[in-house]
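Colleague: Just to be clear, the model below is a prediction. Sequence and coordinates:
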Amino acid sequence: MNTALHTGGCHCGSVRFEVRAPRRLRIQRCNCSICTMTGFEHLIVPAADFRLISGAELLTTYTFNTGVARHLFCRVCGIKSFYVPRSNPDGYSVNLRCLDRMQIEAVDYEDFDGQRWERSGHTLAELSRPRS
């Protein structure tokens, strides 16, 4: 698999991260209430492939419903660059819109039915498993 170290961050640049992922990204578009309102496009990765570089002290957490997902926002600019998703609590979901584009060769989109999470959540479980 052709992987790269992608970098990204929030709007003001206070929160920066890196994520190891393929150059051709598999992105989930979710229709749940929070993703629809924020335009979040999901790149779900194992925790071992994600590293917060700066801004940990500026992150604030929002939870709702089951409280499993930890939505992390920059307190300065309000952007959610990444979070710990309910479907993959052992990984991270990075917002494609917050990645620097240098290492991206292509993007493949998959629609995810977050409005019916109880029926479809299990389909994302393999995304946070380590790649071989």
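Modeller: Thanks, I have it.
Colleague: contacts, neighbours, all on C-alpha from now
Modeller: Fine.
Colleague: Any stretches of the protein with poor pLDDT?
Modeller: 1, 132 (pLDDT under 70).
Colleague: and the next element down the chain from the longest helix along the chain?
Modeller: Identified as the longest helix of the chain according to DSSP state H is helix 33-38. The first helix or strand that comes after helix 33-38 along the chain, using DSSP states H and E, is strand 41-46.
Colleague: what's the spacing between that next one and its chain's center?
Modeller: Taking C-alpha atoms, centre = their mean, to the nearest Å, one finds the center of strand 41-46 at 4 Å from the center of the full chain.
Colleague: residue ranges for the helices of this structure, please.
Modeller: 33-38, 117-120.
Colleague: Identify the residues contacting the first one?
Modeller: Yep, that's helix 33-38 we're talking about. 30, 41, 115 (C-alpha atoms under 8 Å, 6 or more residues apart in numbering).
Colleague: With respect to residue 66, which of these is nearest?
Modeller: Of all the contacts of helix 33-38, residue 66 sits closest to residue 115, with 14.5 Å by C-alpha to C-alpha.
Colleague: Now do the same contact list for that closest one.
Modeller: Neighbouring residues of residue 115 by C-alpha under 8 Å, 6+ apart: 31-33.
Colleague: Not counting its neighbours along the chain, what's nearest residue 16?
Modeller: Leaving aside its sequence neighbours, residue 16 sits nearest to residue 9 (C-alpha to C-alpha, 6 or more residues apart in numbering; 4.2 Å).
Colleague: pretty sure that neighbour is touching residue 81, no?
Modeller: Yes. With contact defined as C-alpha atoms under 8 Å, residue 9 reaches residue 81; the gap is 6.0 Å.
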